[in-house]
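Give me a 3D structure for the following:
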Amino acid sequence: MTNFERYLSVWVALCIVVGIILGHFFSGVFQAVGAMEIAQVNLPVAALIWLMIVPMLVKIDFGALRQVKEHWRGIGITLFVNWATKPFTMAALGWLFLGYLFRPYLPADQIDSYIAGLIILAAAPCTAMVFVWSNLSDGEPHFTLSQVALNDVIMVFAFAPIVGLLLGLSAITVPWETLLLSVVLYIVVPVVAAQILRRYVLTGYGQAGFDRLLAVLQPVSLAALLTTLVLLFGFQGEQIVEQPLVIAILAVPILIQVYFNSGLAYLLNRQLGEAHCVAAPSALIGASNFFELAVAAAISLFGIDSGAALATVVGVLVEVPVMLSVVRIVNATRGWYERGRAVQRAAQVSIGKP
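Numbers count the residues shown, from 1 in each chain. Modelled structure (predicted):
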């Protein structure tokens, strides 16, 4: 993790301030940018989101799917947490905290939109940043790669149905055409484009050339993310100034679901006897989010000035510090984890002891 990535939350906070200031003094410019749409897709934002997502997806090697069977228990647990637990627990937390407990402190016309943003955030499991978290926790690299590749494949088919189901349960109108268009624009096409680029560079220039490409793309991805945030907060500025508690309130269910889902994945891996080098990245993959996709989908579905878009950006704001705290927890508890009976039995079997 570079110093820039380590302090991503600081840069996000600065973008919030810059966006609010620019939105206040240059509101006409932001309105003009917001009007650049085709089929409800904002063209400047779409271009920025592609610059965010494609560099992340270039890192994914779908050939790693062959290795899924080597860590089937860890894979199964992570898939269970990612797809059968996290979106639904986030929806429940959103309904509890935003729809009930904190309802009096939120703008009434945005509550449903905030909940929708939280659901979208939870339905997009993390991709590229997981490699950073896995490395920091001494995670098994083949497990991490195969899990991320499998998640990306599942996301192509499962993201829209899960989001649509939970938005429907929340009594939020589901713009299905826009949702499916978002899946095509921000999942299917970027995955295909990234894999074509990956194969072309590796074939023509080798691993050294591919490493040079990643060195160029990573800053582009982060710059696109931060520029998107400036635009988003340029639109959201007045609302945030009027409701300064909104961001703190939105962070509450996000933080709870991160620690709940990471803890669930970690404990399930221990109960089933997986090695710590698998359990650690499993917990981290189960807790973190593909926030670039979440921001893109929220903007496409509800607009750049919506509460949904703001909710996904709060996910970006808390991502780095909260995931670093999870890394610290799984590293600090390694001794306790490996004293588990199931883990010790699995280790004895692997080295041929009775």
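
Under the pLDDT cut-off, which ranges of the protein? List them.
1-9, 38-42, 64-65, 67-68, 127-129, 170-176, 178-179, 236-243, 292, 347-354 (pLDDT under 70).

biggest helix in it, by residue count?
helix 189-242 (DSSP state H).

If you count contacts, what does that helix end up packed against?
Helix 189-242 is packed against helix 3-6, helix 8-25, helix 27-34, helix 43-58, helix 246-272, helix 291-302, helix 307-332, with contacts defined by 3 or more CB pairs under 8 Å, 6 or more residues apart in numbering; DSSP states H and E. Where you see a C-beta, it was placed from the backbone N, CA and C, and this is true even at glycine.

Now do it against helix 291-302, angle only.
Angle, helix 189-242 to helix 291-302, by axes from the mean of the first three to the mean of the last three CA atoms, to 10 degrees: 70 degrees.

start at 43 instead
That works, and once the first residue is 43, the last one we named lands at helix 231-284.

Please state the offset of helix 231-284 from the chain centre?
Distance of helix 231-284 from the chain centroid (CA atoms, centre = their mean, to the nearest Å) equals 14 Å.

what's the angle from it to helix 349-374?
Using the same axes, to 10 degrees: helix 231-284 against helix 349-374 is 100 degrees.

right, and the helices and strands packed on helix 231-284 - which one's nearest Ile229?
helix 333-344 (6.7 Å; CB to CB).

quick revisit: among the helices and strands packed on helix 231-284, which is nearest Leu148?
Here helix 288-314 is closest among those (CB to CB), at 6.5 Å.

which of the residues in that closest one are buried?
Using 16 or more other CB atoms under 10 Å as the test for burial, helix 288-314 gives 288-289, 291-297, 299-300, 302-308, 310-312, 314.

In terms of secondary structure, what does the helix or strand just after that helix contact?
Later in the chain than helix 288-314, the nearest helix or strand by DSSP states H and E is helix 318-329. On a contact count with 3+ CB pairs under 8 Å, 6+ apart, helix 318-329 meets helix 114-121, helix 171-178, helix 183-211, helix 288-314, helix 349-374, helix 376-380.

relative to helix 183-211, how tilted is helix 318-329?
Angle, helix 318-329 to helix 183-211, by the same axes, to 10 degrees: 20 degrees.

Alpha carbons of helix 318-329, as CSV, please.
Taking C-alpha atoms only, helix 318-329 is exported to CSV below (Å, rounded to 0.1, in the frame of the first residue of the first chain):
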residue,chain,number,x,y,z
HIS,A,318,-5.2,-18.5,9.4
CYS,A,319,-3.7,-17.5,6.0
VAL,A,320,-7.1,-18.3,4.4
ALA,A,321,-9.3,-17.0,7.2
ALA,A,322,-7.7,-13.6,7.4
PRO,A,323,-8.4,-12.6,3.7
SER,A,324,-11.7,-14.4,3.9
ALA,A,325,-12.8,-12.1,6.7
LEU,A,326,-11.4,-9.0,4.8
ILE,A,327,-13.1,-10.0,1.6
GLY,A,328,-16.3,-10.6,3.5
ALA,A,329,-16.3,-7.2,5.0
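
how far is that helix from where the chain is centred?
15 Å.

how far away is Gly276 from His66?
9 Å (CB to CB, to the nearest Å).

Looking at the two, which is more packed in?
Legend: neighbour count by other CB atoms under 10 Å for Gly276 and His66, higher for Gly276 (27 against 13).

That one against Gly61, yeah?
Yes: using CB atoms under 8 Å, Gly276 is in contact with Gly61, at 4.5 Å.

Using CSV, write out every CA atom in stretch 301-314.
Output of stretch 301-314 as CSV, limited to C-alpha atoms (Å, rounded to 0.1, in the frame of the first residue of the first chain):
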residue,chain,number,x,y,z
TYR,A,301,-17.2,-5.7,11.9
PHE,A,302,-20.1,-8.1,12.0
ASN,A,303,-19.4,-9.7,8.6
SER,A,304,-15.6,-9.9,9.1
GLY,A,305,-16.1,-11.5,12.5
LEU,A,306,-18.6,-13.9,11.1
ALA,A,307,-16.3,-15.0,8.3
TYR,A,308,-13.3,-15.3,10.7
LEU,A,309,-15.2,-17.4,13.3
LEU,A,310,-16.7,-19.7,10.6
ASN,A,311,-13.3,-20.4,9.1
ARG,A,312,-11.9,-21.2,12.6
GLN,A,313,-14.9,-23.5,13.3
LEU,A,314,-14.3,-25.4,10.1
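
Pull the residues that contact it.
115-116, 119-120, 122-123, 127-128, 131, 320-322, 324-329, 364, 368, 371-372, 379, 382, 384-385 (CB atoms under 8 Å, 6 or more residues apart in numbering).

Now with 6 Å, please.
For stretch 301-314, contacts defined as CB atoms under 6 Å, 6 or more residues apart in numbering pick out 115-116, 119, 123, 128, 321, 324-325, 328-329, 368, 379, 382, 384.

just stretch 56-68 next, same as before
72, 268, 271-272, 275-276, 279.

again with stretch 234-248
So stretch 234-248 is contacted by 96, 99-100, 251-252, 255 (CB under 6 Å, 6+ apart).

Show me what counts as buried in that stretch.
By 16+ other CB under 10 Å, the buried positions in stretch 234-248 come out as 236-237, 239-240, 243.

Same check on stretch 202-213?
Result for stretch 202-213 [16+ other CB under 10 Å]: buried residues 202, 204-209, 212.

Pull the residues that contact that stretch.
Contacts of stretch 202-213 (CB under 6 Å, 6+ apart): 129, 133, 157-158, 161-162, 165, 216, 221-222, 225.
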